[in-house]
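Asker: predicted structure and sequence below. I'll ask about it afterward.
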Amino acid sequence: MTFFSYAGAVWWRVATALFCLTLGCGLAQPFVRRRRATRKDLPPISAIIPIKLLDPGFETAQTSMFVQDYPAYQVLIGAAEQESPALDAARRIAAAHPGVSSRLLRSAGTATVNPKLNNLATPLARSRYDFVFTKDSNITLDPGTMAAFVQNFTRGVGLVVGVPVAVRARNFAGWIEAFSINGHARVLLAASALGLGFGVGKAMLFRRSDLASAGGIEAISVPLSEDTALSMALARQGLKTVFSHGTIAQETGARSFAQIYERQLRWSVIRRKNERFTFPLEPLASPLPAAFAGAFAAPLVSCPAWLGFLLTLLSWFCAETGFALCKGWEVSWWSPLAFLGREILALVAWLRAFTTHDVVWAEDRIDARRGVRAAPREAVQRQEVGERRDSG
């Protein structure tokens with residue numbers, strides 16, 4: 001037991017140190033990043049919104065694109081469908097804001113495995129301006145968000161992204177997802193304060209000319225994560241990725257447990273594919289493994305194991321809640337249970353990501369390894385039955 005106690009102590013100290021680092025740097029990020037946001041001009045922008053489903057908060061999220069405090073921009077909405085409830089809502093919103101130039105474009109391409117990138121393809125080709133701002137349909141922007149992104153687009157920058165923060169969760173599963181999103185947001189803010197940048201596709205600003213120099217949309221069409229692919233393609237051109245000093249709001253609403261599991265699994269599979277060295281180490285940043293480590297280490301300070309476990313979890317939860325309150329993020333009476341649910345869900349998705357490449361995105365099943373759409377299970381079964389008949 002001495003070996004496990006000392007191993008637990010080492011794990012606990014490393015995990016706690018990393019956690020404290022993210023807390024401090026996450027709080028400092030807006031001040032650090034704002035000092036680096038020195039661009040003064042506001043060039044015209046083509047804003048693109050790929051849409052598919054009528055997600056929670058859809059109308060609020062899309063309306064926010066039409067009320068930006070920005071001198072010159074157009075809004076292009078891309079969808080694979082000709083008619084859908086989401087498109088009907090988008091038409092109503094656009095009609096309610098005639099002062100903003102907007103177009104709805106059908107983007108029914110299937111050149112890439114990524115459904116969002118397929119929706120972006122046609123609007124990107126039809127964009128009027130060189131600067132392109134994209135946002136997901138469940139992202140709500142403050143009126144000054146687009147201007148803040150431009151302020152961060154300084155010399156040597158090729159991509160500005162936003163850190164999503166969950167808002168307006170409506171049920172227990174929604175609060176679990178909110179805790180997952182906001183825990184990730186804390187880590188991203190800390191990375192930003194340390195001068196690091198990663199592709200995060202919820203909202204992005206880049207130049208079409210830079211993308212063309214990097215190989216165009218074909219250069220980012222193979223991986224499942226278009227944001228990471230775009231960041232890496234621009235990095236090969238000597239252009240870096242930075243985070244904006246302001247966060248963006250991700251509408252959460254009511255979710256099912258199946259939905260949040262599929263989303264977490266997709267993100268885990270993408271990270272395992274793109275971050276092969278850091279993905280196996282992710283449990284180091286998780287409080288549940290740290291709590292077990294604390295239980296093993298507790299006898300070294302003459303404490304019972306259960307106390308080390310509970311104190312670690314309680315301290316971590318209180319610190320995260322305090323961080324959220326300082327940032328003005330939403331907190332609920334569901335938060336303690338959502339905190340535990342997030343940890344269980346994250347570890348299950350992390351373990352499952354080592355054994356599968358099959359993920360769900362926009363109601364489609366996709367093979368992340370092969371870069372092609374996975375055949376529906378029913379079609380596969382029918383094909384297998386047909387093969388058996390032929391062989392018979």
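Answerer: Cool, got the structure.
Asker: so how many other residues sit close to Arg36?
Answerer: Applying other CB atoms under 10 Å, we find 15 residues neighbouring Arg36. C-betas here are computed from N, CA, C, even on glycine.
Asker: just Ala96 next, same as before
Answerer: 11.
Asker: contacting residues for it?
Answerer: By CB atoms under 8 Å, 6 or more residues apart in numbering, the contact list for Ala96 reads 63, 66.
Asker: quick one, helices of the stretch 101-250 of the chain?
Answerer: Counting by DSSP state H, counting those that start in this stretch, one finds helices in the stretch 101-250 of the chain at the ranges 115-126, 145-151, 172-193, 208-213, 226-235.
Asker: packing partners of the longest one?
Answerer: Put plainly, it is helix 172-193. In terms of contacts (3 or more CB pairs under 8 Å, 6 or more residues apart in numbering; DSSP states H and E), helix 172-193 is packed against helix 2-36, strand 164-169, strand 240-243, strand 248-253, helix 257-274, helix 305-327, helix 335-353.
Asker: just say which of those is most tucked in.
Answerer: Burial of the helices and strands packed on helix 172-193 is given as mean neighbour count (mean count of other CB atoms under 10 Å); strand 248-253 ranks first at a mean of 24.
Asker: pLDDT weak spots in this protein?
Answerer: Counting by pLDDT under 70, the chain has low-confidence residues at 1, 109-113, 222-224, 362-364, 368-392.
Asker: quick revisit: could I get the helices of the stretch 101-250 of the chain as CSV with mean neighbour count and distance to Cys25?
Answerer: Listed next are the helices of the stretch 101-250 of the chain as CSV, based on neighbours: other CB atoms under 10 Å; distance: least, CB to CB, whole Å:
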stretch, mean neighbour count, distance to Cys25
helix 115-126, 21, 30
helix 145-151, 23, 19
helix 172-193, 23, 4
helix 208-213, 16, 28
helix 226-235, 22, 20
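Asker: of these, which is nearest Pro50?
Answerer: Proximity to Pro50 (CB to CB) singles out helix 115-126 among these, at 3.4 Å.
Asker: in what helix or strand does the closest residue to Thr63 other than its chain neighbours lie?
Answerer: Leaving aside its chain neighbours, Thr63 sits nearest to Ile93 (5.5 Å; criterion: CB to CB, 6 or more residues apart in numbering). For Ile93, the element it lies in under DSSP states H and E is helix 85-95.
Asker: can the helices and strands packed on helix 172-193 go into JSON lines with extra columns for distance to Pro71?
Answerer: Output for the helices and strands packed on helix 172-193, formatted as JSON lines (distance: least, CB to CB, whole Å):
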{"stretch": "helix 2-36", "distance to Pro71": "21"}
{"stretch": "strand 164-169", "distance to Pro71": "26"}
{"stretch": "strand 240-243", "distance to Pro71": "23"}
{"stretch": "strand 248-253", "distance to Pro71": "21"}
{"stretch": "helix 257-274", "distance to Pro71": "36"}
{"stretch": "helix 305-327", "distance to Pro71": "30"}
{"stretch": "helix 335-353", "distance to Pro71": "41"}
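Asker: ok, which of those comes nearest Ser180?
Answerer: When those are compared by CB to CB, helix 335-353 sits nearest Ser180, at 4.9 Å.
Asker: please state the offset of stretch 11-29 from the chain centre?
Answerer: The chain centre lies 21 Å from the centre of stretch 11-29; the measure is CA atoms, centre = their mean, to the nearest Å.
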